[in-house]
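> Predicted model and sequence follow; I will ask about them next.
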Amino acid sequence: MDRGVIALGDGDEARPLSYAAYRDACARLEGRIFGGGWGYAFDPPAKPPPPLGETFQWGLYHGDGLVGWHHAHARDERTVYMADTGILPEHQGQGLYTRLLPHVLDVYRDAGYTLVTSHHRATNNRVIIPKLRAGFFVQGLNLYEGGLNVALTLSLDPAYRDAMHVRSGLRQASGEAARRLGLGELAEHAAPMPPHLPLPPEAGAGVDLGNGYTLHPVPEPIFRAVYAELEAAAYATVSFDWRAPAPLPPLDVPRYAWLVVHAGEVVGWQLSRQWDTRTAYMVNTALLPGHRGRGAYSRLLPVVLDFLRGQGYALVRSHHHATNTAVLLPKLRAGFCLQGMQVDEHGVTAVLIHAFDPVYRAYMDARSGLTRPAGEVARRLGMTPQEDHP
């Protein structure tokens with residue numbers, strides 16, 4: 001396998017380091033890179049660390065200057081753990097991390113690993129987004145000495161990747177994934193062709209989403225009728241079949257429904273409702289298969305968020321299958337943060353929260369351990385800010 005110098009473009013490169021040289025770089029630079037975090041300071045350890053096994057280290061250089069590092073080590077016979085990547089603040093936000101990822105992942109694949117794992121502060125979207133774009137999936141959250149972490153896993157085995165979709169409920173089991181899960185030979189079912197539904201006359205004036213797409217408010221009964229017609233064509237997900245109508249009436253809360261239209265036909269929808277006295281819940285958003293990957297969802301989000309803000313909500317939440325990267329990515333780019341995981345009738349879902357209040361957004365960073373409580377956040381938590389001490 002090649003662990004030589006990796007040219008990353010824009011004057012950046014990754015050079016192999018020994019483990020000792022990597023530790024020396026950490027000692028010199030980690031205060032500048034991670035100094036703003038909020039972790040727990042343990043007493044000196046009583047036990048020696050376990051052996052790391054195979055390790056991988058690179059120094060990140062801009063010209064001749066060391067600006068960061070990457071370190072990974074074997075976790076078990078199939079898994080390599082991306083334990084530590086650090087980049088000096090003045091070199092962050094320039095795509096260096098995104099350019100590094102495919103190269104180190106190729107090295108791990110060539111070394112024979114099946115899985116690549118990593119952990120990151122749950123609100124650190126600057127790292128989580130490029131990881132999801134590289135093919136990682138959200139696998140869970142844990143509370144540890146550094147704060148609230150999100151666990152990510154990349155499968156270098158396509159059958160295992162499909163099995164993760166099955167576990168989350170995003171797709172039905174079929175083919176090799178079904179065989180590996182002990183389900184035998186299950187054929188893949190093609191989605192039905194959607195019927196052609198014109199924009200209902202009851203729809204309100206549309207908001208231009210670009211590329212020929214418009215978003216129209218509609219009364220909830222109209223939304224329900226459209227949903228019933230198009231649901232089967234929009235989803236390949238697997239939900240629990242309750243086999244009976246819900247015994248209780250739906251909550252009597254405000255609901256807000258829109259239809260996505262292209263060339264005069266309905267090609268998607270969005271439904272939101274009140275969740276509690278401060279929070280709106282984006283219940284359901286879908287685009288028919290032929291209209292995905294065109295940016296309509298990303299352009300829809302700010303329109304819906306602006307509307308919900310105008311209704312007085314402070315927070316917006318949504319739930320998505322944990323492996324549904326196509327939806328998680330635009331949500332994280334729009335300012336949502338991973339705040340939890342749950343199992344419900346739809347499968348394993350990630351809980352996202354968007355905060356309109358900048359103080360609450362800063363609070364979420366402090367709660368995850370990404371930043372220390374300071375200023376107004378510290379006051380809201382009942383802590384005396386350091387700058388207020390004499």
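Yep, that arrived. Numbers count the residues shown, from 1 in each chain.

> hey, let's count contacts and neighbours off CA atoms from now on
Noted.

> how about the strands in the stretch 51-200 of the chain?
Counting by DSSP state E, counting those that start in this stretch, the stretch 51-200 of the chain has strands at residues 55-62, 65-74, 79-87, 115-121, 137-144, 147-155.

> Point out the one among those strands that comes closest to residue 191.
Of all the strands of the stretch 51-200 of the chain, strand 137-144 sits nearest to residue 191, with 24.1 Å by CA to CA.

> Tell me which strands the closest one pairs with, and in which orientation.
Sheet partners assigned to strand 137-144 using DSSP bridges are listed as strand 147-155 (antiparallel).

> contacting residues around the partner strand?
38-39, 114-122, 135-143, 161, 338, 367-370 (CA atoms under 8 Å, 6 or more residues apart in numbering).

> Once you drop chain neighbours, what's closest to residue 32?
Excluding its sequence neighbours, the residue lying closest to residue 32 (CA to CA, 6 or more residues apart in numbering) is residue 88, at 6.7 Å.

> tally of neighbours for the one you found?
For residue 88, the tally of surrounding residues (other CA atoms under 10 Å) stands at 17.

> Kindly report the same for the one 4 residues further on.
For residue 92, the number of neighbouring residues by other CA under 10 Å comes to 15.

> Touching, the residue nearest to residue 32 and residue 62? I think so.
No: the criterion here is CA atoms under 8 Å, and residue 88 misses it with residue 62 at 10.8 Å.

> Let me know whether my guess that residue 319 is in a strand holds.
Yes: Residue 319: assigned to a strand according to DSSP: H, G, I helix; E, B strand; the rest coil.

> so how far is residue 347 from it?
For residue 319, the distance to residue 347 equals 11 Å [CA to CA, to the nearest Å].

> what does residue 99 give?
Note on residue 99: its distance to residue 347, by CA to CA, is 33 Å.

> These two: which is more packed in?
Neighbour comparison, residue 99 and residue 347: the larger count goes to residue 347, with 21 against 16 (by other CA under 10 Å).

> show me the contacts for the nearest residue to that one once chain neighbours are set aside.
Leaving aside its chain neighbours, residue 347 sits nearest to residue 169 (4.7 Å; criterion: CA to CA, 6+ apart). By CA under 8 Å, 6+ apart, the contact set of residue 169 is 237-239, 321, 346-348.

> Got the phi and psi for residue 169?
Main-chain dihedrals, residue 169, degrees, to the nearest 10: phi 90, psi 0.

> can I assume residue 223 sits in a helix?
Yes: Residue 223 forms part of a helix when assessed by three-state DSSP.

> My read is that it contacts residue 258, right?
Yes: assessed by CA under 8 Å, residue 223 is found in contact with residue 258 at 7.3 Å.

> any shared contact partners between the two?
Listed as contacting both residue 223 and residue 258 by CA under 8 Å, 6+ apart are residue 269.

> higher neighbour count, these two?
residue 258 (24 against 20).

> Quick check: pLDDT value at the more buried one.
Looking at residue 258, its pLDDT stands at 98.

> repeat for residue 387
53.

> same check, this time on residue 337
The model's pLDDT for residue 337 equals 98.

> who's it bridged to?
residue 353.

> Would you mind confirming that it is in contact with residue 126?
No: under the criterion of CA under 8 Å, residue 337 makes no contact with residue 126, lying 10.9 Å away.

> Between these two, tell me which one has more neighbours.
It is residue 337, of residue 337 and residue 126, that has more neighbours when counted by other CA under 10 Å, with 24 against 14.

> if I look at the more buried one, how far off is residue 124?
Distance from residue 337 to residue 124, by CA to CA: 8 Å.

> what's the neighbour count on the residue lying closest to residue 140 once chain neighbours are set aside?
Once flanking residues are discounted, residue 140 sits nearest to residue 151: 5.2 Å by CA to CA, 6+ apart. Using other CA under 10 Å, residue 151 has 19 other residues around it.

> Please name the bridge partners of residue 151.
Going by DSSP bridges, residue 151 is paired in beta bridges with residue 119, residue 140.

> From residue 341, how far off is the residue nearest the centre of the chain?
Most central in the chain under CA atoms, centre = their mean is residue 328, positioned 4.6 Å from the mean C-alpha point. Going from residue 328 to residue 341 by CA to CA gives 13 Å.

> Also residue 238?
Applying CA to CA, the value for residue 238 to residue 341 is 18 Å.

> Helices of the protein, residue ranges please.
Using DSSP state H, the helices of the chain run over 19-34, 96-110, 125-133, 158-168, 175-180, 220-234, 296-310, 325-333, 358-368, 375-380.

> Turn the ones you listed into TSV, columns for mean pLDDT.
As requested, these are exported to TSV (pLDDT from 0 to 100):
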stretch	mean pLDDT
helix 19-34	93
helix 96-110	96
helix 125-133	97
helix 158-168	96
helix 175-180	93
helix 220-234	95
helix 296-310	98
helix 325-333	98
helix 358-368	97
helix 375-380	94
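
> From what I see, residue 115 and residue 78 are in contact.
Yes: under the criterion of CA under 8 Å, residue 115 makes contact with residue 78 at 6.1 Å.

> The two: which has the busier surroundings?
residue 115 (23 against 11).

> residues contacting that one?
78-80, 153-157.

> and the two most separated of those?
Maximum distance among these (CA to CA): 13.7 Å, for 80 and 157.

> More neighbours: which of these two?
residue 80 (26 against 12).

> how near is that one to residue 107?
Where residue 107 is concerned, residue 80 sits at a distance of 11 Å (CA to CA).

> Give me the common contacts of those two.
Here residue 80 and residue 107 share no contacting residue, scored by CA under 8 Å, 6+ apart.

> ok, for residue 274, nearest residue in space, not its chain neighbours?
residue 280 (4.5 Å).

> List the contacts of the one you found.
Contacts of residue 280 (CA under 8 Å, 6+ apart): 272-274, 308, 313, 315-317.
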